[in-house]
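Colleague: Have a look; sequence and predicted model below, questions after that.
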Amino acid sequence: MSNLLRNGAKLSILPFFREWFGFDKIERFTPTEANSDRSVAKDETGWDRIKRMFEVNEFGDISYEANSILQCAALSMFIGGIYGGTINSKNAYMDFMRNNEATKFKHQFEAKRLLQDRVTIAFGKGAFKFGWRVTLFATTFVGITTLVQTYRGTNGIIEYVGAGGLAGFIYKFNMGPKAWIAASTVGSALGLVCGGITWGFLKLTGISIEETRYWQYQWRRTRKDVELAGKRRRWEDDDFALIKLHDQSIGKKGHTLANLDSDEKSMDHPIRNTIP
């Protein structure tokens with residue numbers, strides 16, 4: 001399938017395929033791969049790549065492999081917390097309405113306050129209970145996959161299957177051998193599906209997993225540069241305000257020490273008059 005999409009000539013016998021794929025020939029080598037320096041990568045080992053994965057550069061930034069793991073942990077914690085909190089708070093609301101249907105309260109505000117307390121506490125418990133489980137499974141899966149891909153220097157489906165099985169095993173570690181086998185089987189199946197989708201997408205687009213992480217890292221650097229540019233403009237505006245105040249108080253002739261004494265306005269300035 002990927003060969004058909006890479007070579008538009010094979011589908012050019014059909015008019016609509018000729019229009020879609022005639023000028024869309026995906027090359028194997030991308031500009032990022034062509035401009036990259038591979039002289040160091042030839043001599044490095046898998047352990048060298050893993051060590052570099054946990055190092056920071058001269059600007060204090062972590063590697064884009066480690067950044068992808070941290071982003072996965074944060075996103076899975078957020079999604080798992082929202083999902084678990086919503087489900088648990090909904091159950092708490094239904095239980096409160098069912099158990100207190102015949103309960104008499106002094107006024108409706110007391111009932112609303114008690115209901116709000118129950119729902120809020122249930123949301124926090126559900127967010128913690130479900131959030132850490134999703135974070136553990138997702139972070140373990142992505143972390144193991146990234147480590148194996150970094151060590152091998154390439155990507156495939158086998159690391160997704162192994163990472164899914166190991167993540168399922170860790171997820172059900174305290175529930176006995178039967179749970180280990182079941183969770184590992186389900187995790188391996190999910191890893192196979194995820195790895196197959198990822199591998200197929202990369203083959204269709206003609207890019208590598210290293211390049212996707214590279215551009216993800218570049219997007220993060222660009223966002224940081226935009227933030228720094230905004231701070232720099234604000235600082236420049238503050239500096240401009242100080243210069244404008246200086247010109248209004250002393251005058252433009254006070255830009256240099258040589259012109260300071262020749263400026264008539266500066267001689268009458270209260271700060272200037274205090275100098276002995």
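Modeller: Everything's here; your move.
Colleague: Using CSV, list the CA coordinates for stretch 218-230.
Modeller: Output of stretch 218-230 as CSV, limited to C-alpha atoms (Å, rounded to 0.1, in the frame of the first residue of the first chain):
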residue,chain,number,x,y,z
GLN,A,218,11.3,22.4,17.6
TRP,A,219,7.7,23.4,18.2
ARG,A,220,8.5,23.5,21.9
ARG,A,221,11.5,25.6,21.3
THR,A,222,9.6,27.9,19.0
ARG,A,223,6.9,28.4,21.7
LYS,A,224,9.6,29.3,24.2
ASP,A,225,11.2,31.7,21.8
VAL,A,226,7.8,33.4,21.3
GLU,A,227,7.5,33.8,25.1
LEU,A,228,11.0,35.2,25.4
ALA,A,229,10.3,37.6,22.5
GLY,A,230,7.2,38.9,24.4
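Colleague: and for it, what are the contacting residues?
Modeller: For stretch 218-230, the surrounding residues in contact (Cβ atoms under 8 Å, 6 or more residues apart in numbering) are 61, 64, 67. C-beta coordinates here come from the backbone N, C-alpha and C atoms, glycine included.
Colleague: As CSV, the residues you listed with distance to residue 174 would be great.
Modeller: Shown next, in CSV, are these (distance: Cβ to Cβ, whole Å):
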residue, distance to residue 174
61, 37
64, 34
67, 31
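Colleague: Scan those residues and report the most crowded one.
Modeller: Counting neighbours by other Cβ atoms under 10 Å, residue 64 leads these with 21 neighbours.
Colleague: Distance check, that one against residue 116.
Modeller: Noted for residue 64: a distance of 43 Å to residue 116, by Cβ to Cβ, to the nearest Å.
Colleague: number of nearby residues for residue 188?
Modeller: Per other Cβ under 10 Å, the neighbour tally for residue 188 reads 20.
Colleague: before we move on, which element is the closest residue to it other than its chain neighbours in?
Modeller: Once flanking residues are discounted, residue 188 sits nearest to residue 165: 4.0 Å by Cβ to Cβ, 6 or more residues apart in numbering. If you go by DSSP states H and E, residue 165 is part of helix 158-171.
Colleague: I figured the residue nearest to residue 188 was touching residue 190, is that so?
Modeller: No: counting by Cβ atoms under 8 Å, residue 165 does not reach residue 190; the two are 9.4 Å apart.
Colleague: quick one: which of the two has more around it?
Modeller: Shown here are residue 165 and residue 190; by other Cβ under 10 Å, residue 165 has more neighbours (24 against 19).
Colleague: Tell me how far the more buried one lies from residue 80.
Modeller: 21 Å.
Colleague: What about residue 227, how many residues nearby?
Modeller: For residue 227, the neighbour count with other Cβ under 10 Å is 10.
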